[in-house]
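A.B. asks: My questions are about this predicted structure, shown below with the sequence.
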Amino acid sequence: ELKENTVIVVLGASGDLAKKKTFPALFGLHKNNFLPKGIQIVGYARSKMSHEEFIKRVRSNIATPTSEIEEQLKEFCGFCTYLDGEKYDEDKYFQGLEKHLAGLEKGQKETNRIFYMALPPSVFIPVSEMLKKHCYPKNGIARIIIEKPFGKDLGSSRELQHALEPNWKEEEIFRIDHYLGKEMVKNILILRFGNEFFGSNWNRNHIDNVQITFKEPFGTEGRGGYFDEFGIIRDVMQNHLLQVLTLLAMERPISFSAEDIRDEKVRVLRGMPAIEPKNVIIGQYEKSLDGSKPSYKEDESVPKGSRCPTFASMVAYIKNERWDGVPFILKAGKALNEQKTEVRIQFKDVTSGIFKDIPRNELVIRIQPNESVYIKMNSKLPGLSMQTVVTELDLTYRRRFSDLKIPEAYESLILDALKGDHSNFVRDDELDASWRIFTPLLHYLDDNKEIVPMGYPYGSRGPSVLDDFTSSYGYKFSDAAGYQWSNLPEN
Ligand code: BG6
């Protein structure tokens, strides 16, 4: 339930994340009447800024196509204030924040405060300490929302965790993985456990392999400073793709409560051995074939001679009764040929006999863009012959749910945090288990200087060995009769 009289403090309010995601999401919630009564939003950052400049920043990523939305945005800006504090590790600035908050809360019996840390990892620990020391509410709930990177490996993630522990209880911490706020990711448990025909086939007896693919058509474009320290594996695979894998693979939770769901997620992660370097390929993008797009190394923010992977594909296994032997093939890359995130579950061959080489069934869960779920299946080609054809059962959201708006991931997650629902946030032991799977591989790649990523042209499908790599784990590509799933035209 929503607590009235809540203050949301966005720390790092002058940064990119706040501008592009946090404030637009908060406004989205206001627009749809999901913010609690009496809400106050405080932007806090080091930059000196007037109230007007701050409001201009808040507005910069919010479109106001109608006068009604313009009115709502005015209302929204009416409960936003800004405060600067020169240093993130000095008492006096947080005493200043406390004073500002107390002023806004004057006369209230209950004071609920949510601290959203849109901050670089380097200041994360001092700020969480300062907030506890000076700004912890005396009578009301306190929550802290934090964003990745949660460390760079198991060791650094534990350090961060230990630094938080004395000040913040696990139930007060909301670790965001924004993929968990995406509509189609939230649908995975319903698809699996709400449909007997999926549920009963969801195991090693029927599924041959699972692919989880993340593709972006743009490179680091100026964000190379951050990216180079992390690389594609830490940036999207250890978190976003692994979360999707966990939801696909976990057993049915006892209930939809946060702890029941997270218990099952941890259980599946603990059943996964660390990823072995022999089951991994890495790549880094080069100039596009026509020369118009730069290579990764030409990005000015990237250090010379960088070995940072901008593409990786790897295979994970789960040692349990349901999944033993089934390869989960993860693929992620920047500067590829298209934008898409999808899950592709390939079923086994039908037993031979009456058909020769009939293509396999595939269930595709398209996370973005253009959310859809479809099954590639074989059917009789209408007519007088017994010829078969590949076709599909297709749930495309734009067609089926055309009058419903799909919420932004951040809207959905901030609303959960306001309600105190942890289901779609990462628990401490879950984070630990996920780093354990990736850390040996990451250290191996970091330490062995002779391992260099394979080049691939900007705008291509990735390194040329990719298809051979995927098929070596059993994936069968079939272009039967030139079959292609047809997307609806954009609009
Ligand atoms: C972020 C990564 O976590 O996720 C980015 O740091 C990536 O590199 C982004 O572009 C992708 O998110 P989305 O919602 O655009 O798929």
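C.D. replies: Thanks, I have it.
A.B. asks: ok, now which ones touch the residue of the chain found nearest the ligand?
C.D. replies: Among the residues of the chain, Asp235 lies nearest to the ligand; the distance is 4.8 Å by Cβ to the nearest ligand atom. All C-beta spots, glycine's among them, are computed from the backbone N, C-alpha and C. By Cβ atoms under 8 Å, 6 or more residues apart in numbering, Asp235 lies in contact with Phe227.
A.B. asks: Quick check: buried residues in stretch 346-364?
C.D. replies: Gln346, Phe347, Lys348, Pro359, Arg360, Asn361, Glu362, Leu363, Val364 (16 or more other Cβ atoms under 10 Å).
A.B. asks: Arg204 is in contact with the second one, correct?
C.D. replies: No - Phe347 lies out of contact with Arg204 (Cβ atoms under 8 Å); the separation is 11.4 Å.
A.B. asks: Mind checking what secondary structure Leu241 has?
C.D. replies: Secondary structure, DSSP: H, G, I helix; E, B strand; the rest coil: Leu241 is helix.
A.B. asks: what about Tyr179, is that helix, strand or coil?
C.D. replies: helix.
A.B. asks: For it, which non-adjacent residue is closest in space?
C.D. replies: Of all residues not flanking Tyr179 in the chain, His240 sits nearest, at 4.1 Å (Cβ to Cβ, 6 or more residues apart in numbering).
A.B. asks: check which helix or strand covers Gly353.
C.D. replies: Counting by DSSP states H and E, no helix or strand carries Gly353.
A.B. asks: likewise Asp349?
C.D. replies: Going by DSSP H and E, Asp349 is not part of any helix or strand.
A.B. asks: Now it. Its backbone dihedrals?
C.D. replies: phi -60, psi 150 (degrees, to the nearest 10).
A.B. asks: Can you tell me the SS state at the nearest residue to it once chain neighbours are set aside?
C.D. replies: Excluding its sequence neighbours, the residue lying closest to Asp349 (Cβ to Cβ, 6+ apart) is Arg360, at 6.0 Å. When classified by three-state DSSP, Arg360 comes out as coil.
A.B. asks: Thought Gln346 was touching Arg360, still the case?
C.D. replies: Yes - counting by Cβ under 8 Å, Arg360 touches Gln346, with 5.5 Å between them.
A.B. asks: who touches both of the two?
C.D. replies: Asp208, Lys476.
A.B. asks: does the closest residue in space to Val326 that isn't next to it in sequence sit in a helix or strand, and which one?
C.D. replies: Sequence neighbours aside, Arg204 is the residue nearest to Val326 in space, at 5.0 Å (criterion: Cβ to Cβ, 6+ apart). Counting by DSSP H and E, no helix or strand carries Arg204.
A.B. asks: Count the residues that sit near Arg204.
C.D. replies: Using other Cβ atoms under 10 Å as the criterion, Arg204 is surrounded by 15 other residues.
A.B. asks: gap between it and Arg399?
C.D. replies: Using Cβ to Cβ, to the nearest Å, Arg204 is found at 33 Å from Arg399.
A.B. asks: same check, this time on Glu159
C.D. replies: 49 Å.
A.B. asks: same check, this time on Glu251
C.D. replies: 33 Å.
A.B. asks: between these two, who's got more neighbours?
C.D. replies: Shown here are Glu251 and Arg399; by other Cβ under 10 Å, Glu251 has more neighbours (14 against 10).
A.B. asks: of all the residues in this protein, which ones are close to the ligand?
C.D. replies: Proximity of the chain to the ligand (Cβ under 6 Å from any ligand atom) is limited to residues His178, Glu216, Asp235, Val236.
A.B. asks: Name the member of these with the most neighbours.
C.D. replies: Highest neighbour count within the residues of the chain next to the ligand, by other Cβ under 10 Å: Asp235, with 24 neighbours.
A.B. asks: State the pLDDT value of it.
C.D. replies: Asp235 carries a pLDDT value of 96.
A.B. asks: just use 402 as the starting number from now, easier for me
C.D. replies: Got it, the first residue is 402 from now on, which makes the last one we talked about Asp636.
A.B. asks: where are the low-confidence patches of the stretch 752-892 of the chain?
C.D. replies: Residues of the stretch 752-892 of the chain meeting the criterion pLDDT under 70: 881-884, 888-892.
A.B. asks: how about the strands of it, start to end?
C.D. replies: 763-769, 773-781, 789-797, 855-858 (DSSP state E, counting those that start in this stretch).
A.B. asks: which helices and strands sit right next to the first one?
C.D. replies: When you say that, I think you mean strand 763-769. Here strand 763-769 touches helix 584-594, strand 741-748, strand 773-781, going by 3 or more Cβ pairs under 8 Å, 6 or more residues apart in numbering; DSSP states H and E.
A.B. asks: any idea of the angle that strand forms with strand 789-797?
C.D. replies: Calculated by axes from the mean of the first three to the mean of the last three Cα atoms, to 10 degrees, strand 763-769 forms an angle of 30 degrees with strand 789-797.
A.B. asks: in its sheet, what does strand 763-769 sit against?
C.D. replies: strand 741-748 (antiparallel), strand 773-781 (antiparallel) (DSSP bridges).
A.B. asks: Using PDB, write out every CA atom in that strand.
C.D. replies: The C-alpha trace of strand 763-769 is given here as PDB (Å, rounded to 0.1, in the frame of the first residue of the first chain):
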ATOM      1  CA  GLU A 763      10.500 -22.600 -31.200                       C
ATOM      2  CA  LEU A 764       8.800 -20.400 -28.600                       C
ATOM      3  CA  VAL A 765      10.000 -16.800 -28.900                       C
ATOM      4  CA  ILE A 766       9.400 -14.300 -26.100                       C
ATOM      5  CA  ARG A 767      10.200 -10.900 -27.600                       C
ATOM      6  CA  ILE A 768      11.000  -8.600 -24.700                       C
ATOM      7  CA  GLN A 769      11.600  -5.500 -26.800                       C
END
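A.B. asks: Run the chain-centre distance for that strand.
C.D. replies: From the chain centre to the centre of strand 763-769 is a distance of 16 Å (Cα atoms, centre = their mean, to the nearest Å).
A.B. asks: what angle separates it from helix 584-594?
C.D. replies: 150 degrees.
A.B. asks: contacting residues around strand 763-769?
C.D. replies: Contacts for strand 763-769 (Cβ under 8 Å, 6+ apart): 580, 583, 585-586, 588-589, 592, 599, 645, 740-748, 773-777, 886.
A.B. asks: Got the phi and psi for Phe878?
C.D. replies: phi -90, psi 130.
A.B. asks: since we're on it, how many residues are nearby?
C.D. replies: Counted with other Cβ under 10 Å, Phe878 comes out at 10.
A.B. asks: Next secondary structure after the helix or strand harbouring Ile526?
C.D. replies: Assigned by DSSP H and E, Ile526 belongs to helix 522-536. Next helix or strand after helix 522-536 toward the C-terminus (DSSP H and E): strand 543-548.
A.B. asks: Look at the residue lying closest to Arg593 once chain neighbours are set aside and give its secondary structure.
C.D. replies: Distance criterion Cβ to Cβ, 6+ apart; nearest residue to Arg593, sequence neighbours excluded, is Phe599 at 5.6 Å. Using three-state DSSP, the structure places Phe599 in helix.
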